[in-house]
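Trainee: Sequence and computational prediction follow.
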Amino acid sequence: MELNLPKYSVKVCRENGMLKIHDRIRMKFVALTPEEWVRQHFVNHLIENLGYPASLIANEIGLTLNGTRRRCDSVVFNNSGKPMVIIEYKAPEVAISQKVFDQIVRYNMVLHADYLFVSNGMTHYCCSIDYTTGRYAFLQEIPPYASL
């Protein structure tokens, strides 16, 4: 499926009849779902085009929210291990709605990241949060790592 992201050399295999895609962050093949297709393209874009260090990105990060275990799709950390960015992915056919933003904001109540990215592979949103003023702003594009 074509996405609104740069193409890259995707590694796909079939294991026990199931298509899998290589996750360069987790260093293993994972089930190839539409959401995973978006994640792998988005993460590759962050690393190859925007200078995000692969070593500071984690996929499927667990957290506890109101006593319930949840998982963030991706988190980008700074060199000190503080979460800087939370990323939520949806399949290309899933519209990015208020419900999606509510989900990522709930995760951020635990992680306190400065940026929230949401992408369905076709449309990408980036929101920066200023904790001193309590305000947020939507940015025109995903910022390079060096400017976070």
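Mentor: Right, received. Where do you want to start? Numbering: from 1, shown residues only.
Trainee: and whichever strand or helix holds Val43, what other elements does it pack with?
Mentor: Assessed by DSSP states H and E, Val43 sits inside helix 34-50. Contacts defined by 3 or more C-beta pairs under 8 Å, 6 or more residues apart in numbering; DSSP states H and E place helix 34-50 against strand 18-23, strand 57-65, strand 68-77, strand 83-89, strand 115-119. Heads up, the C-betas are built off the backbone N, CA and C, glycines and all.
Trainee: Return the list of strands paired to the shortest one, each annotated with direction.
Mentor: With DSSP bridges as the test, strand 115-119 is paired with strand 83-89 (parallel), strand 124-130 (antiparallel).
Trainee: Could you single out the most deeply buried of the ones you listed?
Mentor: Per residue and on average, the most neighbours among those fall to strand 83-89, with a mean of 24 (mean count of other C-beta atoms under 10 Å).
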